[in-house]
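> Model the following, please.
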Amino acid sequence: MSTSGDSTGNGKRTILSELQGRRPLQSSPGMQGLESSEPAKFPSVLEAPSLEGLEVPAPTVEPLTEDDLTERFTALCRERSARRDRAPGEDVALGDDLLLNVLGYANGKLIPFSARTDWWTEATPAPLRPGFFEALVGAKVGLSVEVTLLLPETYAVESLRGAEARFLVDVMAAREVTLLTDESPELFSALDLGSTLDEVMENIARQLTSEREQQALHELQERVLDELAERTRTQVSGGLIDEEIRRAWTETEYPQLVQRNFEQEELQEALEGWLSDPFTRVDAERRLRISLGLQAVLARDRVEPREEDLVALIDVIAESSHTTREELGQVLKSDPAVMRRFENLALHKMALDHVLSKVKIVPPP
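Here you go, the predicted structure:
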């Protein structure tokens, strides 16, 4: 069977799926044993962070290079290339699309953030997993393999840098990719970006420019939030940080481990891996400080949600979820938990917009 187009992924996680995320997990087996017996209380903010003199440097938008254009052209050609499903028992080849289930272990324990379920990826060398995909070449579709490697010094979990890791990999499916090239007769129709190579590259340049502008806006927002967190005077307890990490773990890794029939003790050990990671704790504290700071600003400045803002947010969620405004409205009305999450999302966006309106953007250093 041959296919073409962007068939390598299992879809981006939509805003609606994030809103719905935890519902089926709260009553699942094993969840009660992982909940904190005494949920941590949110601290009070001594004083809403001042927005006076709030200045952040504008992010630098790097100019496009020929390498940038070539890299995106190559990626688009691969994305739109024809694909053939490999048969069960057929060998995996370098460059294939792979559907994998992965668990990683080091020092006898599950590596935090290593679990992957129904993961579509490309069999190509990866700096963060040196030798991982190379070891899958020749593996049989439908079977499992074990890959052993040394984690690089740049690995995300600092305590595991340089450690020997063992990955258990289920090769669920593989697709052979017949790559488009600039000489392929179907190139222009497949890319749908112009009828000449020059037109294609011009459109790619426009896409990349737009993406970099969006990235710069996101970076600007993150800088503003960093400054807000610094100005938020409150004590964030270790227990509250634990709760925030537990929430994130519950919505990401936990369902994958339950699907693989992990026992209660194994689930607790996996959670402890997240709770003990220093970078995860720093990030969780930052999120909490930002949330507390935004709430305090909303209360002090008496910012109220506007109906047009809520409608606009509903439209964004509906579009990202490929549903209609009416269908989304039914979901919100039928599930109080989803409605609460929507309200929290709306408040966060409203608070962020309010803070951004007070920021003075200065030239980059």
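> which residues sit in contact with Ala296?
Val45, Glu47, Ala48, Pro49, Thr232 (C-beta atoms under 8 Å, 6 or more residues apart in numbering). Just so you know, the C-beta spots here come from the backbone N, C-alpha and C atoms, and that holds for glycine as well.
> where's it, which helix or strand?
Ala296 belongs to helix 278-301 when assigned by DSSP states H and E.
> Check Lys333 too.
helix 325-334.
> For that helix, list every residue counted as buried.
Leu328, Val331, Leu332 (16 or more other C-beta atoms under 10 Å).
> Among the residues you listed, which one sits closest to Gly238?
Nearest to Gly238 among these: Leu332, at 34.6 Å, using C-beta to C-beta.
> quick one, what contacts the closest one?
Going by C-beta under 8 Å, 6+ apart, Leu332 touches Val338, Met339, Phe342.
> Switch the residues you listed over to CSV; also include neighbour count and secondary structure.
Shown next, in CSV, are the contacts of Leu332 (neighbours: other C-beta atoms under 10 Å; DSSP: H, G, I helix; E, B strand; the rest coil):
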residue, neighbour count, secondary structure
Val338, 19, helix
Met339, 14, helix
Phe342, 21, helix
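> Closest to Leu193 out of the residues you listed?
Phe342 (36.2 Å).
> separation between the closest one and Gly329?
Applying C-beta to C-beta, to the nearest Å, the value for Phe342 to Gly329 is 10 Å.
> Please apply the same query to Ser320.
Separation of Ser320 from Gly329 (C-beta to C-beta) stands at 15 Å.
> mind listing what Leu64 touches?
By C-beta under 8 Å, 6+ apart, Leu64 lies in contact with Ala205, Leu208, Thr209, Arg212.
> Helices - which of these land there?
Ala205, Leu208, Thr209, Arg212 (DSSP state H).
> residue with max distance from the center of this protein?
Pro185 (36.2 Å; C-alpha atoms, centre = their mean).
> Regarding that one, what is its secondary structure?
Three-state call for Pro185 (DSSP: H, G, I helix; E, B strand; the rest coil): coil.
> What about it? Give its phi and psi, please.
phi -60, psi -30 (degrees, to the nearest 10).
> ok, now which ones touch it?
Contacts of Pro185 (C-beta under 8 Å, 6+ apart): none.
> Likewise for Glu164?
Applying C-beta under 8 Å, 6+ apart, the residues near Glu164 are Ala106, Thr148, Leu149, Leu150, Leu151.
> and of the residues you listed, the nearest to Asp226?
Leu151 (28.8 Å).
> Now do the same contact list for the closest one.
With contact set as C-beta under 8 Å, 6+ apart, Leu151 has these partners: Ala106, Val157, Leu160, Arg161, Gly162, Ala163, Glu164, Ala165.
> Can you read off the backbone torsions of the first one?
Note on Ala106: backbone dihedrals following degrees, to the nearest 10 are phi -150, psi 140.
> Can you read off the pLDDT for it?
If you check Ala106, the pLDDT there is 95.
> now do Arg306
pLDDT recorded at Arg306 is 80.
> For it, the count of nearby residues, please.
10 (other C-beta atoms under 10 Å).
> Figure out how far the helix holding Lys333 is from the centre of its chain.
Relative to the centre of its chain, helix 325-334 is centred 25 Å away, using C-alpha atoms, centre = their mean, to the nearest Å.
> Equivalent analysis for stretch 321-340, please.
So, by C-alpha atoms, centre = their mean, the centroid of stretch 321-340 is 22 Å from its chain's centroid.
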